[in-house]
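A.B. asks: kindly generate the corresponding structure for this input.
(2 chains)
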Amino acid sequence: MESQKAKKFNKEKTLKEVKEKISQVSSFKKLKEIEKEYLGKKGLIKDLFKEIKSLTEEEKRRVIPPIQSFQKEASLLFEDKEKEIKKEEFNEELLRQSEKIKAKKPKIGHLHPITQTIRLLNKVFIEMGYSIMDGPELENDEYCFRRLNVPPNHPARDMQDTIYVESPKFLLRTQTSSIEARALEKYKPPFKIVCPGRVYRNEKPNKSNHFVFHHYQGVVVMKKVTLKDLFGTIEHLFKAIYGPQVEIRFRNKYYPEVEPGVGPDMICFKCRGKGCVLCKKVGWIEMGGAGIIHPNLIEMAGLDKNKWMGFAFGLGLDRWAMAKYNISDIRTLLGDDLAYKYYENENTL
Amino acid sequence: MKILYSDIKKLVPGLKVSSSKVAQALTLTGFMVDSFEKVRYQGKEDYLMGLEVRQNRPDCLSIAGVAREVAGYYGLPLKMPSNGSLKEGKNKLSIEIEAKDFVKRVVAVKFNQVENKESPKWLKEFLSFYGIHSINLLVDLSNYVMLFTGYPSHLFDGDKLKGNLSWSLNKNFKEIVTLDGSEIKLNKKELVIKDDESVLGLAGIVGGRLGKIEKETKTVVMEMAVYDHVIVMRDSRNLNVITEASNRLTKNLDPRGIDFASKYLISLILENCKGKIDSNIFDYYPKKETAKEIIFDPESPSKFAGIDIPKDKAVKILKDLSFDVKSKGKKTIVTPPVGRTDVSLKEDLIEEVVRIYGYDKIPSSSPPEVKVVENITPENIILSEKARDVLCSLGFDEVLSWPVTKEGENEFVNYLDWEKVVTENSINEDYPELRQSTITGLLSRFYEYSKKNIEYVKIFETGKVFGKAKGEYKEHDALGIFLKASSQKGEMNSFKSSVETFLRLIGLSDISYKKSKNNPEIANPFSCWSIESKDKKIGILYKLRPNKEIKDAYFAEFNIDEMVKILKKTKNKPAIELDQKLVVLDANIELKKEDIIYDFLKEIKDKIGTKYIWSINIIDEFPVKEKIKYTIRVSYKNLSDKDAKEVHLKTFNLKEK
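C.D. replies: Numbers count the residues shown, from 1 in each chain, chains lettered A, B, ... in the order given. Below you'll find the model as predicted:
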């Protein structure tokens, strides 16, 4: 009776039966149980081969091939199903280990518009080999006035109402030119520096004037410099910031610390020189002051005025920053009205 | 300074260019034309230009001065009115100059039999362009000459004067009523013109009512003077009186110009008001200016400009501007014309040549070649820049605030060993002191943000703080960092973590926190630490004392200059070749509550030696009665398991379990 099982083995039917069982399985353990039932040590195939031993050679030739074929195909079925189950189980683990992201926006930090403007200008000058310099804000009149060729009671002081800490000697610097006076004394030429810094005037803050604001001073001391070098430097700066189409003119202007003195103007970007409210109908916007350093400054710093000369320029930073950031009131720059969106920054490109 | 185009043409008859071209030339050569108006004058079309006159060019606060500029620019002759000869009177004009230090020159003369009247239409119209009301012919002529020559004068009714005229520093007069009726309180020591009884005018500023010229005036005393401009400036400022006269006399006017200006006024009075010169022409001029002689190199303008300006062109420009140019051997000697007090050096002459030759002829299209010079940027600037970037990355916003504070604020926030600095004359009376800490501005920003419902207040500022120590003013670059906790629970450790991350990112190491000895009032004394790096104090960290408006706010402030000093000595090299596994061992220790864990860690570090330390961390701490238990984890490098264990046991005095 026993040998009847092997003789009656129907491969297709048994494979179908295996496939059906496998399809209902979702765990690895259950799959192994089924695999054991058919292909294990005490499984169906082993039983069949035990029977086969008692068969005739002819019977063997007929019965064995379908059993072997079944064994091969069933193994593949179990293998595939095993892979499938493993994949599902692994996904379950990933899901378990996965994390959700929250919608809360992180707070990011921001640089002040004045810092950004200073950096914009610094970049241009660093590429030209300049160093950056600062000096005391609580200055003495020696460096803020006398060393800049502004002797006591000179009319130039008429232009600046100074905040004194101990008059007439100690004051809050009215211009970053005081850094120039100190650099001339401290550093051995040749040197090229730019000096961004805070300056003070005794003014009640209003929409367009403040008692604290920012200057940007440039100083170059070499054996030989010319107005051509100065003009080239200033035009390069403006073109680097405003683009190659910018139009600049230079006119004669008076500052006690330079001789000759220069006033660079930029064509009004609103009316292109026709005259409008922004440029007070002049067509040009005053951008600061410049010139060849007065020989008295070189001499007062203890340098040989026949050996060294230089040029200097000064720009107001606040208006640049205000124009760039659409700030209409200068008080906002140093006041409590300046705020940043906590989640957004400027495009860095 | 305003000027009519027709007035320039009258003095420069050869001028053929348009008014707008003249305006452009004036702008480029140093007199910015900031208004340009089409007007009608004497029934004809004319142009009124508004010029910004350089501070050192008082000669151009006059029609004649500006016309001389235009003539010089176009190389045309200047045609000035001629005064003819004047016949002095026989009577001696008695004038005393007491304030000798302040009076450079006074010219005065007395007229009689004068017929004063209403001014002609042209003169009234002319003065109206300058915003000057016509008073009567005598007064209007005095104003006209001031506008024409730049020299203010004053006329007194001679019949009203009591005794001698004198110039002196005010001793007794308490007030003056001016020509327009305003009362001005005097403070003493003003430079005044007076007679034997009364004050008649503030010298260089305004005349008084007592000597006022009326239509009926028959006797006139005219004076024209130049003073030490500093005293006029001082009086004008102190008394807050600014007039056309003071606008000119607060500048360095050339006393020599009085020669022409006074004679011109005298001629006009005689011509238009009849009358006779009754007195001699009084002329007080003790220190006569001598014409300056400047050695000039005609090649020098080219050297300064960086372009070729022919030598003969340079000389011609100076001559066209009315400078006297002579040759003395091989030298060229230049003498500036009367009025040009701004020219005294060869560099001044170079400027004259270059500005007239034209700044527009100097090319500006290429920057100078990059000449390599030493980078002398100080480290505090480099560090401040780095600090800004790091703090931004840590989510802090940069603010800039007022470096001045309200009274009392410094006492509340200061922790440094210095006195406060108070300004003497700040127009912002509510903020008289210079800040001693950046917290004042940061806190003010926080309050404003709170009012505006802005959340996430994480802000910082780099800027100066000021003080006075041992009689000297001090300032240093400070960095203040402020955080207001966004949750209900305290965030001291999250703030400390940000601060320490910042410190480590800028390259500082061996950072430790000690109970601060100088707690500012604003700080919670139980949450206030002094921060050190390499045993040197670099700053402070504290939780703010709570009040109605603020709770759970934190602040740290650093002295950037001190950080620079430490960084200059610090040589951290964090990148290393690690070819062995680290050996990680823990140790449990107990310290008294008052002991400083950072001191203990330093001791451990010194015992082990930096060669073998990868890291030392406190991984746990909890208080037990009067002590604190710490679990310290040391990661050893360059040691085998056995050797590391041996070092560990020895270092922490442990026995092998």
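A.B. asks: number of nearby residues for the residue in the stretch 251-400 of chain B positioned nearest to chain A?
C.D. replies: Residue nearest to chain A within the stretch 251-400 of chain B (C-beta to the nearest C-beta): B:Gly306, separated by 2.9 Å. Every residue, glycine included, has its C-beta placed from N, CA and C. As a burial measure, B:Gly306 scores 18 neighbours (other C-beta atoms under 10 Å in any protein chain shown).
A.B. asks: pretty sure it is touching A:Lys228, no?
C.D. replies: Yes. Counting by C-beta atoms under 8 Å, B:Gly306 does reach A:Lys228; the two are 3.0 Å apart.
A.B. asks: so what sits against both of those two?
C.D. replies: B:Ile362 (C-beta atoms under 8 Å, 6 or more residues apart in numbering or on different chains).
A.B. asks: so what's A:Ile292 up against?
C.D. replies: A:Ile292 neighbours (C-beta under 8 Å, 6+ apart): A:225, A:227, A:230, A:258-260, A:309-311, B:304, B:347.
A.B. asks: any idea how far it is from B:Val390?
C.D. replies: 41 Å (C-beta to C-beta, to the nearest Å).
A.B. asks: in CSV, list the C-alpha atoms belonging to stretch B:560-568.
C.D. replies: Listed next in CSV are the C-alpha coordinates belonging to stretch B:560-568 (Å, rounded to 0.1, in the frame of the first residue of the first chain):
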residue,chain,number,x,y,z
ILE,B,560,36.5,90.8,21.8
ASP,B,561,39.9,92.4,22.5
GLU,B,562,40.5,89.9,25.4
MET,B,563,39.4,87.0,23.2
VAL,B,564,41.9,88.1,20.5
LYS,B,565,44.7,88.0,23.1
ILE,B,566,43.8,84.4,24.0
LEU,B,567,43.3,83.3,20.5
LYS,B,568,46.7,84.6,19.5
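A.B. asks: tell me the mean pLDDT for that stretch?
C.D. replies: Here stretch B:560-568 scores 97 as its mean pLDDT.
A.B. asks: and it with chain A, contact?
C.D. replies: No. On the criterion C-beta under 8 Å from any C-beta of the partner chain, stretch B:560-568 is out of touch with chain A, staying 11.0 Å away.
A.B. asks: how about that stretch: buried residues?
C.D. replies: Residues of stretch B:560-568 classed as buried by neighbour count (16 or more other C-beta atoms under 10 Å in any protein chain shown): B:560-567.
A.B. asks: just stretch A:44-57 next, same as before
C.D. replies: Judged by neighbour count using 16+ other C-beta under 10 Å, the buried positions of stretch A:44-57 are A:44-45, A:48, A:51-52, A:55.
A.B. asks: nearest to chain B among those?
C.D. replies: Checking the buried residues of stretch A:44-57 against chain B with C-beta to the nearest C-beta, the nearest one is A:Ile45 at 50.1 Å.
A.B. asks: surely B:Val647 is in a helix?
C.D. replies: Yes. Inclusion of B:Val647 in a helix is indicated when DSSP: H, G, I helix; E, B strand; the rest coil is applied.
A.B. asks: got the contact list for stretch B:29-46?
C.D. replies: Taking contacts as C-beta under 8 Å, 6+ apart, the residues outside stretch B:29-46 that touch it are A:251-254, A:261, A:263, A:280-282, B:1, B:4-6, B:19-20, B:23-24, B:26-27, B:47-54, B:57, B:60, B:66, B:69, B:73, B:122, B:125-126, B:129, B:355-356.
A.B. asks: over to stretch A:300-310?
C.D. replies: With contact meaning C-beta under 8 Å, 6+ apart, stretch A:300-310 is reached by A:146-147, A:181, A:184-185, A:189, A:219-225, A:292-293, A:295, A:298-299.
A.B. asks: first-to-last residue distance for that stretch?
C.D. replies: For stretch A:300-310, the first-to-last residue distance is 14 Å (C-alpha to C-alpha, to the nearest Å).
A.B. asks: mean confidence (pLDDT) on it, please.
C.D. replies: Computed over stretch A:300-310, the mean pLDDT rounds to 95.
A.B. asks: how about stretch B:267-275?
C.D. replies: Rounded mean pLDDT across stretch B:267-275 is 94.
A.B. asks: and what of stretch A:199-219?
C.D. replies: Averaged across stretch A:199-219, the pLDDT comes to 90.
A.B. asks: near chain B, which residues of the stretch 51-200 of chain A show up?
C.D. replies: So the stretch 51-200 of chain A meets chain B at A:106-112, A:114-115, A:128-129, A:131-134, A:136-138, A:153, A:155-156, A:158-159, A:161, A:163-167, A:170, A:172, A:187, A:190-193, A:198 (C-beta under 8 Å from any C-beta).
A.B. asks: still on that earlier bit, distance to B:Lys406 and secondary structure added to the buried residues of stretch B:560-568, as JSON lines?
C.D. replies: JSON lines is the format used below for those (distance: C-beta to C-beta, whole Å; DSSP: H, G, I helix; E, B strand; the rest coil):
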{"residue": "B:Ile560", "distance to B:Lys406": "25", "secondary structure": "helix"}
{"residue": "B:Asp561", "distance to B:Lys406": "26", "secondary structure": "helix"}
{"residue": "B:Glu562", "distance to B:Lys406": "28", "secondary structure": "helix"}
{"residue": "B:Met563", "distance to B:Lys406": "29", "secondary structure": "helix"}
{"residue": "B:Val564", "distance to B:Lys406": "31", "secondary structure": "helix"}
{"residue": "B:Lys565", "distance to B:Lys406": "32", "secondary structure": "helix"}
{"residue": "B:Ile566", "distance to B:Lys406": "34", "secondary structure": "helix"}
{"residue": "B:Leu567", "distance to B:Lys406": "35", "secondary structure": "helix"}
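A.B. asks: no further queries at this time; thank you.
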